[in-house]
Every structure is written in C-alpha cells, then in structure tokens.
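**Q** build the 3D model from these lines:
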Amino acid sequence: MPHPVPPSASPDIGFAESSLGQSLLHVLAEGSASNRAIADYVLRNQVRVTALGIEELAEACEVSTATISRFARDLGFKNYAAMRGAVAETLQSVLQPVEKLRSTIARRAQAASPALESLGYAEAALTATSRSLAGADVDRIAAALTKARTVYVLGFGLSSFMAGTLAMHLQPFCQHVVEVAASGGTEVAASHLATIGRKDVLVVISLPRYTLDVVPLTRFARDAGATIVSITDSPASPLAELGHHVLYAHSTHPVLPSSSTAVLALIEALVVSLMTSNKANVAKAARHTEAIAAYLYGEHQIRSSSTHKKEGVRRRRTVKQS
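**A** Sure, this is the predicted structure:
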C-alpha cells in the first residue's frame with residue numbers, strides 16, 4: 001500500500017513524499033547511472049508511466065528491459081507491472097486532494113481565453129505552493145541570510161530575473177549581496193563564487209528546464225562550506241539534494257516550460273520574513289526609503305511642492321518687509 005499523502009501537498013511533492021517516492025529519491029541519490037535515469041523519469045512522469053509498457057519505458061530511459069525488471073525488483077516489486085500498479089495507486093491518492101481545484105479551473109477555462117486560463121494555472125500554482133510551505137522553514141532561511149557574511153544569489157535563463165529581484169530585495173538587509181550571474185554567464189558566475197566559504201549563503205533558483213551549469217556551481221559552493229538555499233519545483237530537481245534548505249515553488253503550466261509565478265511569491269514571502277525578523281531591519285527599511293525618496297515620483301512631487309510653497313512664503317515676506 002502506498003504511504004498516505006498529505007492533502008496539502010502539490011502532486012509532484014506529494015508523490016515524492018510517498019513511500020514509493022522516497023524509494024525513488026533514494027535511488028536518484030545513490031543508485032547506478034541507469035537506475036538514476038529510471039528513477040528520474042518515473043518521478044517526473046508518474047502519469048505517463050502508468051500507461052507505458054516495459055519496452056516503452058526502457059526506450060524512454062535508454063536502458064534495456066532487463067534493467068527495468070531489475071529496477072522494479074530492487075524496489076521490492078515482483079515485476080515491472082507490479083511497480084507500475086503501485087505508481088498508479090500512489091498517484092490516485094496524490095491527485096484526489098487537487099482534483100476539485102483542477103476541475104474548477106477546467107470549468108472556468110471552457111469559456112475563457114488562453115490568457116485567462118494561464119492566470120487560472122498561476123492561481124493554482126500559488127495555492128499549491130502555499131499549502132506545502134512551512135513558515136518555520138522560511139524563518140530559518142531568513143535567519144541564515146541575516147547572519148551571512150555574503151549572500152550570493154544565482155539563477156540562469158529566466159531564473160536570472162528572479163535572482164535579480166531577490167538580490168535587489170535583500171540589499172538593504174544583508175551585510176553583502178552578490179548577484180552571481182548578473183553581468184555574464186557561467187565564467188563570471190564561477191569567478192564570483194571563487195571565494196565563497198563557510199560564513200556565506202548561496203540562494204540558487206532553477207526551474208524546468210534546468211540549466212546544466214547550475215548544478216556543478218552549486219555543488220562547488222556546498223563543498224566550500226557555504227549554506228545552500230535551493231528554490232526549485234520538485235524533490236526530483238537536481239538542486240533539491242544539494243540544498244541545506246529547500247523551498248518548492250509549483251511551476252506546472254500547460255503551455256510554458258514552467259511558470260515563475262510561485263517563485264516570485266516565495267521570494268516576496270522570504271523577504272517579508274527577513275524584514276520582520278528583528279527591529280534593526282525596520283530601521284534599515286526606513287533608511288533605505290529615505291535614501292531613495294528623492295528618486296521616487298510621488299516623493300519628488302511632494303518635495304517639489306513643499307519647496308515651492310516655502311519659496312512663495314519667503315517671497316511674500318520679502319515683499320512685505322520692503
């Protein structure tokens with residue numbers, strides 16, 4: 001029998017938290033190359049696996065059917081058919097809690113434009129992310145960022161924009177923030193990370209499609225003793241096993257490779273946790289606002305209006321005195 005899945009979990013996370021999912025994650029971390037390929041495929045394509053024959057799965061994973069059979073037996077199943085049945089049974093328990101939400105979105109989307117349908121999936125991603133998030137985990141990450149000598153933020157491709165947003169938010173509240181790949185690609189990022197150490201934190205953001213270079217760079221930072229905070233989509237992500245702290249953002253989208261909506265929401269939640277974690281940050285926020293006030297449109301108008309009023313009063317006083 002599959003392990004019960006918490007009703008708050010998103011499908012990907014829920015499957016990974018089941019007993020079968022945990023077994024697959026163990027193989028993904030410590031198995032042979034061929035077994036890792038199979039485990040990775042099953043974790044990412046649970047629904048598809050329930051419809052695949054052993055030959056089709058072997059072809060998809062680029063292994064032999066004999067390897068698939070051995071893989072199933074190593075997991076404790078009689079054969080591949082029994083393993084596939086367990087995947088289906090686990091999926092059923094995973095999908096039940098979110099079926100109502102999916103049905104609601106589907107009904108609402110029947111008469112909606114693709115744009116509105118996309119917004120519906122964004123709403124679902126936020127809901128799934130929120131339900132699987134533990135506030136205590138976010139608070140621990142905020143505490144690590146506060147203590148860090150330097151906070152490095154890394155993201156490539158579309159994730160680079162999320163990394164830039166996080167770095168900008170963190171600047172007023174952390175001792176030193178480095179956006180690792182802001183001014184270039186992998187070579188620049190590697191140069192920035194060359195001096196990372198035990199007193200530092202690396203926040204790495206990556207969603208499907210994962211950038212190949214992000215994994216060795218993150219592993220380098222971890223081996224150097226830095227604390228790793230991974231923001232990614234699934235326990236099957238290559239960044240999940242590298243993170244001392246992991247935040248999952250639901251990213252499934254029917255058209256795009258992945259949706260960044262939940263990542264942005266997670267970034268905002270993390271920054272809010274950091275800002276409200278101590279009184280010193282309140283003072284930092286006030287100083288930051290004061291420093292940039294002259295460059296803000298609303299503040300500029302208020303200051304300009306106030307200056308004009310003061311000049312008008314001085315002129316009237318000068319005229320009366322003369």
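
**Q** map the structural domains onto the sequence of this protein.
**A** Per the record, the chain has its domains at 11-111, 133-277, 283-321, by automatic domain parsing.

**Q** pLDDT weak spots in the stretch 1-150 of the chain?
**A** Across the stretch 1-150 of the chain, the stretches falling below the confidence threshold (pLDDT under 70) are 1-12, 94-112.

**Q** can you map out the strands along it?
**A** Listed in chain order, the strands found in the stretch 1-150 of the chain under DSSP state E, counting those that start in this stretch amount to none.

**Q** now the closest residue to Tyr41 other than its chain neighbours: how far from Glu268?
**A** Setting aside the residues directly before and after it, Tyr41 is nearest to Cys61 in space (C-beta to C-beta, 6 or more residues apart in numbering), at 5.1 Å. C-beta coordinates here come from the backbone N, C-alpha and C atoms, glycine included. When C-beta to C-beta, to the nearest Å is the yardstick, Cys61 and Glu268 sit 38 Å from each other.

**Q** repeat for Val153
**A** Distance from Val153 to Glu268, counting by C-beta to C-beta: 15 Å.

**Q** equivalent analysis for His26, please.
**A** Separation of His26 from Glu268 (C-beta to C-beta) stands at 34 Å.

**Q** just Glu179 next, same as before
**A** In this structure, Glu179 and Glu268 are 17 Å apart, going by C-beta to C-beta.

**Q** and those two? Which one has more around it.
**A** When neighbours are counted by other C-beta atoms under 10 Å, Glu179 and Glu268 differ, and Glu179 comes out ahead with 22 against 13.

**Q** now that one, which residues is it bridged with?
**A** Listed by DSSP bridges, the beta-bridge partners for Glu179 are Val153.

**Q** is it in contact with Phe161, as I believe?
**A** No - assessed by C-beta atoms under 8 Å, Glu179 is found out of contact with Phe161, at 10.9 Å.

**Q** quick check: buried residues in stretch 55-65?
**A** By neighbour count, with 16 or more other C-beta atoms under 10 Å as the criterion, the buried positions of stretch 55-65 are 57-58, 61, 63.

**Q** and if you look at stretch 75-82?
**A** Buried residues in stretch 75-82, counted by 16+ other C-beta under 10 Å: 75, 77, 80.

**Q** what about that stretch, start to end distance?
**A** The first residue of stretch 75-82 is 11 Å away from its last residue (C-alpha to C-alpha, to the nearest Å).

**Q** distance from that stretch to the middle of the chain?
**A** Here the centre of mass of C-alpha atoms in stretch 75-82, compared against the chain's by C-alpha atoms, centre = their mean, to the nearest Å, lies 33 Å away.

**Q** likewise for stretch 241-255?
**A** Its chain's C-alpha centre and that of stretch 241-255 lie 4 Å apart, by C-alpha atoms, centre = their mean.

**Q** go on, stretch 261-269?
**A** A distance of 8 Å separates the C-alpha centroid of stretch 261-269 from that of its chain, computed with C-alpha atoms, centre = their mean.

**Q** also stretch 22-38?
**A** In terms of C-alpha atoms, centre = their mean, the gap separating the centre of stretch 22-38 from the centre of its chain is 22 Å.

**Q** do stretch 75-91 as well
**A** The answer for stretch 75-91 is 30 Å, by C-alpha atoms, centre = their mean.

**Q** what does stretch 176-194 give?
**A** Averaging C-alpha coordinates over stretch 176-194 and over its chain gives two centres that are 19 Å apart (C-alpha atoms, centre = their mean).

**Q** which residues does it contact?
**A** Contacts with stretch 176-194, where a contact means C-beta atoms under 8 Å, 6 or more residues apart in numbering, come from 149-156, 160, 163-164, 167, 170-171, 202, 213, 217, 220-221, 224.

**Q** give me the buried positions along that stretch.
**A** The neighbour-count check on stretch 176-194 (16+ other C-beta under 10 Å) flags 177-182, 186, 189-190, 192-193 as buried.

**Q** quick one: which of those is nearest Thr252?
**A** Closest approach to Thr252 among these (C-beta to C-beta): Ala181, at 25.3 Å.

**Q** how far away is the closest one from Thr127?
**A** According to C-beta to C-beta, Ala181 stands 31 Å off from Thr127.

**Q** isn't Asp137 up against Tyr248?
**A** No - between Asp137 and Tyr248 no contact is recorded; they are 10.0 Å apart, counting by C-beta under 8 Å.

**Q** so which of those two has more stuff around it?
**A** Set Asp137 next to Tyr248 and count neighbours by other C-beta under 10 Å: Tyr248 wins out with 25 against 14.
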